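Q: A predicted structure for the sequence below; I have some questions about it.
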Amino acid sequence: MIPAAFDYHAPTSVEEALRLLAESGDDVKVLAGGQSLLPVLKLRLAAPEVVVDLGRIDALRGVREDGEALVIGAMTPHHEVASDPLVQQHALLLREATRTVADPQVRHRGTFGGALAHADPAGDLLAPCLALDAEFVIAGQGGTRTVAAADFFQDYFTTAIDDGEILTGVRVPKHTGWRAHYEKFSRVAQQWSIVAIAVTLRSEGGTISEARVALTNMGTVPIRATAAEQALAGVAATPEAVAQAVAGIAEGTEPPSDLNGDADYRRHLATVLARRAVLAAAG
Ligand SMILES: Cc1cc2nc3c(=O)[nH]c(=O)nc-3n(C[C@H](O)[C@H](O)[C@H](O)COP(=O)(O)OP(=O)(O)OC[C@H]3O[C@@H](n4cnc5c(N)ncnc54)[C@H](O)[C@@H]3O)c2cc1C
């Protein structure tokens, strides 16, 4: 339970952090809230020689408006995202999903960027970012680049962040006034999703006009349900009509089979949760 010894650095700027990463070679790890990394170090599943802690870089923390988008700093803790008025107004889906993450202790230490960089397929923030067409801002010594959510999540625990790079923030296009719901199914309270469905939508007079839907833990990366989105447009928000529109939502998915449920069970679950999520979002 005690990590192997490492050199510890706590830079106060992104530039300093990038320089430290470049100087430290391959055997370096970035530390954010430590909620995923510290257990890995304590179990000695990783033993980096250097740890670069981003916790003192104030510029990486907070939520701000930037024209038609919100920018959420990578080091913003989950509880700040969940309680931020801008997030509530312009990206309600993120608030709904973040509120389901773990327990209050983890939500106070764990960070938005850390959870996304970690890219656990069962993590609850990946699918909402995909549904909202978020863009990931990645800084390296060569400058800054922006990667669309669809390209950011590449595989099981693998993202577009390269060695020597840092995720500095996420740009989330404003979905002002859109309703949202995150329907999460887990066996034990305050744990990762066995399956979850992220939905945000606009509706008028009981009819869904536009919907964005994405699936958590139905594959190695979050999945955007574009066919269901199209099927939902123009549909009355009734149980029967919504059930029909999302009936095929699990088609073609390859969810994991484990002690929590096999792939067929998860596909069935996704269909049930999708109906519930859309109806809840539609109010
Ligand atoms: C008991 C428990 C229950 C949990 N339940 C849930 C849950 O229900 N749903 C859920 O979604 N999550 C859950 N989590 C995970 C939680 O959301 C963590 O916050 C998250 O996985 C990691 O965030 P962190 O800030 O702690 O990152 P860290 O643990 O510090 O880092 C995680 C990884 O990301 C890398 N990294 C971090 N920040 C950056 C960055 N800015 N740039 C580049 N790389 C970076 C690190 O090098 C490391 O590899 C749970 C965790 C615990 C301990």
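A: Ah, there it is. Keep in mind that what you see is a predicted model, and the values were worked out from it rather than measured. Residues are numbered from 1 along each chain as shown.
Q: hey, let's count contacts and neighbours off CA atoms from now on
A: Noted.
Q: near the ligand, which residues of the protein?
A: Contact residues (CA under 6 Å from any ligand atom) of the chain with the ligand: 29-37, 74, 101-102, 106, 110-111, 113-115, 117-118, 123-125, 166-168, 190-192.
Q: helices and strands around the host helix or strand of residue 93, which ones?
A: For residue 93, the host element (DSSP states H and E) is helix 92-98. On a contact count with 3 or more CA pairs under 8 Å, 6 or more residues apart in numbering; DSSP states H and E, helix 92-98 meets helix 78-83, helix 85-90, helix 126-131, strand 179-185, strand 195-204.
Q: quick one: contacts for the nearest residue to residue 119 once chain neighbours are set aside?
A: Nearest-residue entry for residue 119: residue 157, 4.6 Å, with adjacent residues in sequence omitted and distances by CA to CA, 6 or more residues apart in numbering. Residue 157 makes contact with 118, 119, 120, 121, 220, according to CA atoms under 8 Å, 6 or more residues apart in numbering.
Q: skipping adjacent residues, who's closest to the fourth one in space?
A: It refers to residue 121. Residue 121 sits nearest to residue 217 (CA to CA, 6+ apart), 5.0 Å away.
Q: count the residues that sit near that neighbour.
A: Counted by other CA atoms under 10 Å, the residues lying close to residue 217 total 26.
Q: tell me the pLDDT at it?
A: Looking at residue 217, its pLDDT is 98.
Q: what's it sitting at in phi/psi?
A: phi 60, psi 30 (degrees, to the nearest 10).
Q: so for this protein, the centremost residue is which one?
A: Nearest to the geometric centre of the chain sits residue 125, at 2.1 Å (CA atoms, centre = their mean).
Q: my guess is that residue contacts residue 96. True?
A: No. Residue 125 lies out of contact with residue 96 (CA atoms under 8 Å); the separation is 9.8 Å.
Q: what comes into contact with stretch 256-273?
A: So stretch 256-273 is contacted by 183-185, 187, 194-197, 215, 217-219, 243, 246-251, 253-255 (CA under 8 Å, 6+ apart).
Q: ok, stretch 65-75 next?
A: Taking CA under 8 Å, 6+ apart as the rule, stretch 65-75 contacts 32-33, 54-55, 59-64, 86-87, 90, 111-114, 167-174.
Q: in strands, which of those residues fall?
A: Counted as lying in strands by DSSP state E, out of those, are 63, 64, 167, 168, 169, 170, 171, 172, 173.
Q: and the residue nearest to the last one when sequence neighbours are not counted, what pLDDT?
A: Take residue 173 and drop its neighbours on the chain: the residue closest to it by CA to CA, 6+ apart is residue 69, 4.2 Å away. The predicted local distance difference test score for residue 69 is 98.
Q: how near is residue 69 to the ligand?
A: To the ligand, residue 69 is 19 Å away according to CA to the nearest ligand atom, to the nearest Å.
Q: how about residue 212?
A: 19 Å.
Q: ok, now residue 13?
A: From residue 13 to the ligand the distance is 12 Å (CA to the nearest ligand atom).
Q: how about that residue: what's its closest non-neighbour residue?
A: Leaving aside its sequence neighbours, residue 13 sits nearest to residue 57 (CA to CA, 6+ apart; 5.3 Å).
Q: point out where the stretch 101-250 of the chain drops to low pLDDT.
A: Residue ranges of the stretch 101-250 of the chain with pLDDT under 70: none are present.
Q: which residues of it fall in helices?
A: 104-109, 112-118, 126-131, 149-152, 226-232, 239-246 (DSSP state H, counting those that start in this stretch).
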